[in-house]
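J.: Sequence and predicted structure below; questions after.
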Amino acid sequence: MILISSCLLGELVRYNGEGYNIELLNKYSYLNKFYSVCPEILGGLAVPRTPAEIIDGKVLTIQGEDVTSYFIKGAEDVLKIVKENNIKYAILKANSPSCGNRLIYDGTFSNNKIDGQGVTTKLLVNQGVIVYSEKELTEELLLDLLSKV
Ligand code: SF4
């Protein structure tokens, strides 16, 4: 299985109640090799929810509420799924404070991005999972990953 951010599979789990329509993922979903997870939902957050970003190692909502513990619980639950299913590859949503793999929003809620990883991605990468974002995904890469799982 390949771990995939639920929102990339069109599930309505984003903070604003929306999902994304990613043609390439839709095309190969019939193979049933995608394991959909939303760390923030697993962590106990609701849809819709207040946007949050990472600031100085904590996850704070735009109103300043510290929601770090939800993000950590979500990451730990995802790691459990990864271990139980022997998952080695993940395609996670770029820039998210949970799922971002190279860049994350900078904590100013102004759409600026900085180098960094979301809470779940960081934990998975530390455990050896190879994480791509949908922005890095080509059909060639996806077919290669699908051939390995
Ligand atoms: Fe998508 Fe990840 Fe945010 Fe869930 S936590 S909505 S899967 S980016």
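T.: Right, received. Where do you want to start? Just so it is clear, the structure is predicted and the values come from calculations on it, not from any experiment.
J.: near the ligand, which residues of the protein?
T.: 5, 6, 7, 13, 14, 38, 39, 40, 93, 96, 98, 99 (CB under 6 Å from any ligand atom). (C-beta placed from N, C-alpha, C; glycine too.)
J.: quick one: contacts for the fourth one?
T.: Read it as residue 13. 6, 7, 19, 38, 40, 41, 47 (CB atoms under 8 Å, 6 or more residues apart in numbering).
J.: Name the residues of stretch 123-134 that come out as buried.
T.: Buried residues in stretch 123-134, counted by 16 or more other CB atoms under 10 Å: 123, 124, 129, 131, 132, 133, 134.
J.: what is the mean pLDDT for the helix ranked longest in the chain?
T.: Assignment by DSSP state H gives helix 68-84 as the longest helix of the chain. The pLDDT scores in helix 68-84 average 98.
J.: Do you know the pLDDT at the spatially most central residue of the chain?
T.: Centroid-nearest residue in the chain: residue 99, 2.8 Å away (criterion: CA atoms, centre = their mean). Residue 99 is assigned 98 on the pLDDT scale.
J.: Roughly how far does it sit from residue 31?
T.: Residue 99 is 22 Å from residue 31, where distance means CB to CB, to the nearest Å.
J.: Which residues are in contact with residue 40?
T.: Neighbouring residues of residue 40 by CB under 8 Å, 6+ apart: 13, 15, 49, 70, 71, 74, 98.
J.: Shouldn't residue 60 be within a helix?
T.: No. Residue 60: not assigned to a helix; according to DSSP: H, G, I helix; E, B strand; the rest coil it is strand.
J.: isn't it right next to residue 70, touching?
T.: No. The pair residue 60 and residue 70 fails to qualify as a contact (CB atoms under 8 Å) at a distance of 11.6 Å.
J.: which residues of this protein fall in strands?
T.: 2-5, 34-37, 52-55, 58-61, 89-92, 103-105, 113-115, 130-133 (DSSP state E).
J.: for the third one, packing partners?
T.: Strand 52-55 is packed against strand 58-61, strand 103-105, with contacts defined by 3 or more CB pairs under 8 Å, 6 or more residues apart in numbering; DSSP states H and E.
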